[in-house]
Each structure stands twice: as C-alpha cells, then as structure tokens.
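Colleague: curious how this folds, go ahead:
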Amino acid sequence: MLISVMKKEIKLKPIGIIHTPYKESKGMPIQGQFEKGVKGRIEIFPRYKQGLKDIKGFSHLILIYYFNRSKEEKLIGKPFLEDVEHGIFAIRSPHRPNHLGFSIVKLKDVIGSTIIFSEVDMLDKTLLLDIKPYVAYFDYRKHVKNGWLKKHFQNNRTPQRVKIGKLS
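Modeller: The predicted structure follows:
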C-alpha cells in the first residue's frame, strides 16, 4: 500500500507568475532580506484573484514556487556561502527532487490581482504555486539551531558572500 502511494504523481498548477529584476542568478541575493530595497511583483491569474481577500493585513508573505529553470536533480550540492558539499535537504539549492522553493517577502501593496513586494530572491518569470501569510504567532521559533550556517553569521554579522555567483 505504501509503495503505491509513493509512486503516485502529484500535479501542481501555478497560481501566478513572479516578476523580478533578476533575469539570471548572477548578482541575486541568497536571501531577499539582504537586499531590502529590491522590488518584485506577482501576477495572480484571474481565477485565483478572490483568494487575495484580506491579504493586505499582513506585512510578510511566504511564497512557494517552482524552480522552473532547474533542469537537474542532485542529492548533494555546494551552497553559495562555502565550498563544502552538503545534503540537498540541508541547503536551499533549486536542484532538489521536486524543485520547490520558498521565500519570505515583505508585502508592499496589492493592486487588483497584482502583489507588489520587496526582499526579492527569485528569478524573473518564476512560477508561483502558493502564498501563505507569515504569522509571527505561528512561524517564529525560539532556540533555533542553524546547522552548518551558524559559522557564517557569528556575532550577528552578515556573511561577505551574500550574492549568488552562477547557479550551479
């Protein structure tokens, strides 16, 4: 029974398209909070516009998207901050088994079916799969461990290499 469930195909459909100034990965921040002034916009497809009701009451959104430019799948990869390889589930590489990504962005405005946001860290024309509100009551955690990344943020400093070189 479990084997047949594991082989079942899951179909997802985009709910919109994310537009950003980043046409390629070179120069893009590894996380949007490192480039707070950069803005993006999302075109929500007309059939999903009603789902935006009440979204303006939130300061941040969680965007779940498809890394539609990734053509490979790796279980080991090198993150941008170092030259050591780690397991794919310990990094945020786009070359994952399902090519899913997520970002927490700052909501600026909603105009019709367009969402304007900042703290951009995804490529232009990325397919949006879902939006969830960031809720500090639910999403904030105390006493978090940051694994191999801890050394890059010691003494509350931002790492030197915060922009992506070439997407590999």
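Colleague: how many neighbouring residues does Pro133 have?
Modeller: By other C-beta atoms under 10 Å, 15 other residues sit near Pro133. C-betas here are computed from N, CA, C, even on glycine.
Colleague: what do you get for the one 5 residues further on?
Modeller: Applying other C-beta under 10 Å, we find 9 other residues in the vicinity of Phe138.
Colleague: can I get the CA coordinates of the helix or strand containing it in CSV?
Modeller: Element membership of Phe138 [criterion: DSSP states H and E] is helix 136-139. Taking Å, rounded to 0.1, in the frame of the first residue of the first chain, the C-alpha atoms of helix 136-139 are listed here in CSV:
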residue,chain,number,x,y,z
ALA,A,136,4.8,35.6,13.8
TYR,A,137,2.5,33.8,16.3
PHE,A,138,2.9,30.6,14.3
ASP,A,139,6.1,30.9,12.4
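Colleague: what comes into contact with it?
Modeller: Ile62 (C-beta atoms under 8 Å, 6 or more residues apart in numbering).
Colleague: tell me which stretches of this protein form helices.
Modeller: Counting by DSSP state H, the segments of the chain that form helices are 2-6, 136-139.
Colleague: so which bits of the longest strand seen in the chain are buried?
Modeller: For the chain, the strand with the greatest residue count under DSSP state E is strand 100-111. Judged by neighbour count using 16 or more other C-beta atoms under 10 Å, the buried positions of strand 100-111 are 101, 103-107, 110.
Colleague: can you redo those as a markdown table with distance to Asp139?
Modeller: Putting the buried residues of strand 100-111 into a markdown table (distance: C-beta to C-beta, whole Å) gives the following:
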| residue | distance to Asp139 |
| --- | --- |
| Gly101 | 17 |
| Ser103 | 13 |
| Ile104 | 8 |
| Val105 | 13 |
| Lys106 | 14 |
| Leu107 | 15 |
| Val110 | 20 |
